[in-house]
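Enquirer: missing the sequence, but the structure's below:
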Ligand SMILES: Nc1ncnc2c1ncn2[C@@H]1O[C@H](COP(=O)(O)OP(=O)(O)OP(=O)(O)O)[C@@H](O)[C@H]1O
Ligand SMILES: [Mg+2]
């Protein structure tokens, strides 16, 4: 498909805003375990989209397919108009500079200091920034935005769970991505720290004008950050709408989320 | 019949594993020659491996030297052939005992370390995080570690062999009062190219085997902390087995070319 076709197609669908992520009919199974059965999703520019689903419903599998960490069985995935299955490694890596990925378990490199963790994404993404000799400014800026500038020289093992999550967030921010994928940003954190992380996500959204896809099963988080929500049940987008709309529906499977 | 079935599946699993390891090896050789090269990480890994095992290798080497000399001395004495001690000990250490024992020690120390490290990186999604941030994790983690093992094991073996010869010299000196110069004169007179070169070449393969098996087990670690334990453990078992197979092949080939 040519670029022109792509653009005209997206104009048809949503005249005002560009489509950042577009998933059509995503299927993925592990042997007999059919995890995704035709999942669809569209993320518009500047939007906060929340995906809710219970544990094991395939949320992590879905966003791993989005960044090419897993190959879907079938379905089409477009990131900023590019079909990721058709990209070669270099093109995929270039595209990945535009996508921040916050892992469920933070995934900090535990043999490196906080500073080295933040510098790591910069090493291969010189194209976007030019050849940076001194990364201190970038690292400080990213750490400042999560309020942890003083931890620069600590090892991840010296940080608490909430701090790790924030450092991980800083690591995704350092490339100034256009899209951020949050995989359960508040899981395993106490309510107060969760609130801080949620606040942070909103600030980041304002400051960097990112489009965010937020995976969660934390209702509070969904209420505060979501502009639109998708409920992932049985491997499909079971329901779609704003938090208010969905929370008023009477379907049994949907009610279960809002108890 | 359940017993037969388990043995059969075990043998099958073993061959599946060999197949997967071959694919992994193929990928290693594809990636090792392509840019970008991770020199900094390679140097760091070399340093790590050497630093971690130096003391262990030294102690083991020293004890090997002592023990072999103490054990063989009486036998040689019976034949009145004590003056053959240095040549006998040096040939057996350099050709076989040194490389094999030090490689086994490193399989235990370095191989399990790599298996556990990469395994826990896999489980905690650090490898995925690397991939997303545009660094090829295979290149950054696997290629550097395998190369570091390949280069460092010969160094460690040479170091261990030297310490072993010192150990042997100490026993000789105490029991038979041989001077240092005389002892090492005899050692180097006994050794030929046919002893040193094949023995050194095979240590490169030993190092490679330890590295590739450790990385293979860690890189494809099963989810969960139990997976990390299994990765570390099977890295040691599998690479030790592989060491003996390589040793057998190496001796076989050496026999053809050097007619030992
Ligand atoms: N690599 C894999 N191999 C086999 N099965 C997998 C793999 N990854 C995920 N699965 C299976 O896919 C299903 C969905 O997993 P996933 O991690 O996406 O759940 P999730 O929705 O993110 O749940 P949680 O909220 O607990 O994180 C699970 O049943 C899991 O067993
Ligand atoms: Mg998940």
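Expert: Nice, I can see it. Keep in mind that this is a model prediction, so the values were computed, not measured. Numbers count the residues shown, from 1 in each chain, chains lettered A, B, ... in the order given. Ligands and ions are numbered 1, 2, ... in the order given.

Enquirer: what separates residue B:199 from residue B:252, distance-wise?
Expert: Computed as C-beta to C-beta, to the nearest Å, the residue B:199 to residue B:252 distance reads 14 Å. Backbone N, C-alpha and C define where each C-beta goes, glycine included.

Enquirer: and the two? which has more neighbours close in?
Expert: Per other C-beta atoms under 10 Å in any protein chain shown, whichever of residue B:199 and residue B:252 has more neighbours is residue B:199, with 25 against 9.

Enquirer: Which of the helices or strands spans the more buried one?
Expert: helix B:193-219 (DSSP states H and E).

Enquirer: State the next helix or strand along the chain beyond that helix.
Expert: Where DSSP H and E defines the elements, the next helix or strand beyond helix B:193-219 is helix B:225-258.

Enquirer: Packing partners of that following helix?
Expert: When contacts are defined as 3 or more C-beta pairs under 8 Å, 6 or more residues apart in numbering or on different chains; DSSP states H and E, helix B:225-258 sits against helix B:98-106, helix B:112-123, helix B:193-219.

Enquirer: Include mean pLDDT and distance to residue B:78 when you put these into a markdown table, please.
Expert: Formatted as a markdown table, the helices and strands packed on helix B:225-258 follow (pLDDT from 0 to 100; distance: least, C-beta to C-beta, whole Å):
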| stretch | mean pLDDT | distance to residue B:78 |
| --- | --- | --- |
| helix B:98-106 | 95 | 26 |
| helix B:112-123 | 94 | 42 |
| helix B:193-219 | 93 | 26 |
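
Enquirer: Quick check: which ranges of the stretch 101-250 of chain B have low pLDDT?
Expert: Across the stretch 101-250 of chain B, nothing is flagged by pLDDT under 70.

Enquirer: Would you mark the buried spots in the longest helix belonging to chain A?
Expert: The longest helix of chain A (DSSP state H) is helix A:191-208. Within helix A:191-208, the residues that count as buried by 16 or more other C-beta atoms under 10 Å in any protein chain shown are A:193-194, A:196-198, A:200-201, A:204-205.

Enquirer: Tell me the one among those residues nearest to residue A:138.
Expert: When the buried residues of helix A:191-208 are compared for distance to residue A:138 (C-beta to C-beta), residue A:204 wins out at 15.5 Å.

Enquirer: residues touching the closest one, list them.
Expert: Each residue near residue A:204 by C-beta atoms under 8 Å, 6 or more residues apart in numbering or on different chains is listed here: A:145, A:169, A:173, A:180, A:210.

Enquirer: Neighbours of the closest residue to the fourth one other than its chain neighbours, how many?
Expert: Closest residue in space to residue A:180, ignoring its immediate chain neighbours: residue A:100 at 4.1 Å, by C-beta to C-beta, 6 or more residues apart in numbering or on different chains. The criterion is other C-beta under 10 Å. On that basis, residue A:100 has 28 neighbouring residues.

Enquirer: Among the contacts of residue A:204, name the ones in helices.
Expert: Those of those lying in helices (DSSP H): A:145, A:169, A:173.

Enquirer: Now do the phi/psi pair for residue B:37.
Expert: phi -90, psi 140 (degrees, to the nearest 10).

Enquirer: for the closest residue to residue B:253 other than its chain neighbours, what are its contacts?
Expert: Residue nearest to residue B:253 in three dimensions, not counting chain neighbours: residue B:198, with 7.6 Å by C-beta to C-beta, 6+ apart. Counting by C-beta under 8 Å, 6+ apart, residue B:198 touches B:95, B:250, B:253-254, B:257-258.

Enquirer: Redo those residues as JSON lines? Include neighbour count and distance to ligand 1.
Expert: What follows is those, written out as JSON lines (neighbours: other C-beta atoms under 10 Å in any protein chain shown; distance: C-beta to the nearest ligand atom, whole Å):
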{"residue": "B:95", "neighbour count": "21", "distance to ligand 1": "46"}
{"residue": "B:250", "neighbour count": "19", "distance to ligand 1": "39"}
{"residue": "B:253", "neighbour count": "13", "distance to ligand 1": "41"}
{"residue": "B:254", "neighbour count": "19", "distance to ligand 1": "44"}
{"residue": "B:257", "neighbour count": "10", "distance to ligand 1": "47"}
{"residue": "B:258", "neighbour count": "13", "distance to ligand 1": "49"}
